[in-house]
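Undergrad: Let's see this in three dimensions:
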Amino acid sequence: MFGSGVLDVAIGLIFVFLVVSLLVTTANEFIIESAETLSNFGRVKESADLLRSIDPAELSAVNPLTRQRYEKLRSTLGPT
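TA: Numbering: from 1, shown residues only. Just a heads-up that it's a prediction; the model follows:
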């Protein structure tokens, strides 16, 4: 293309390096996002388990609005 074999090889190597680095970066971002999603799911599951473990009788002294929110959240979680 440019009349020099060395220059053609150098440009080809640079192009291949850039394409491979882009693919590796994309794969890395995908793995990181997947790990973060699983981590967040674990925290949500732990919170739901904690919410299910609270005894409604313990909430008798709690503010009525807080009790209503608790009951609404618990009803959305469904049975244990």
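Undergrad: helices or strands up against the helix or strand that contains residue 51?
TA: Following DSSP states H and E, one finds residue 51 within helix 5-53. Other elements packing on helix 5-53 under the criterion 3 or more Cβ pairs under 8 Å, 6 or more residues apart in numbering; DSSP states H and E are helix 64-77. C-beta here means a position set from N, CA and C on the backbone, and glycine is covered the same way.
Undergrad: So which elements touch the helix it packs on?
TA: helix 5-53.
Undergrad: so the helix holding residue 51 versus helix 64-77, what angle?
TA: 120 degrees (axes from the mean of the first three to the mean of the last three Cα atoms, to 10 degrees).
Undergrad: Next one: the residue nearest in space to the middle of the chain from residue 6, what distance?
TA: Nearest residue to the geometric centre of the chain (Cα atoms, centre = their mean): residue 37, 1.9 Å. Noted for residue 37: a distance of 47 Å to residue 6, by Cβ to Cβ, to the nearest Å.
Undergrad: before we move on, the earlier item: who are the contact partners of the residue nearest to the centre of the chain?
TA: Not one residue lies near residue 37 by Cβ atoms under 8 Å, 6 or more residues apart in numbering.
Undergrad: ok, it to residue 44 distance?
TA: 11 Å.
Undergrad: rewinding a little: mind checking pLDDT for the residue nearest to the centre of the chain?
TA: We have a pLDDT of 79 for residue 37.
Undergrad: what's the answer for residue 28, then?
TA: 92.
Undergrad: tally of neighbours for residue 32?
TA: 10 (other Cβ atoms under 10 Å).
Undergrad: Same question for residue 73.
TA: 13.
Undergrad: For it, which non-adjacent residue is spatially closest?
TA: Excluding its sequence neighbours, the residue lying closest to residue 73 (Cβ to Cβ, 6 or more residues apart in numbering) is residue 51, at 6.0 Å.
Undergrad: So, low pLDDT: which residues of the chain?
TA: 1-2, 55-64, 77-80 (pLDDT under 70).
Undergrad: where's residue 8 relative to residue 14, distance?
TA: 11 Å.
Undergrad: ditto for residue 25
TA: 16 Å.
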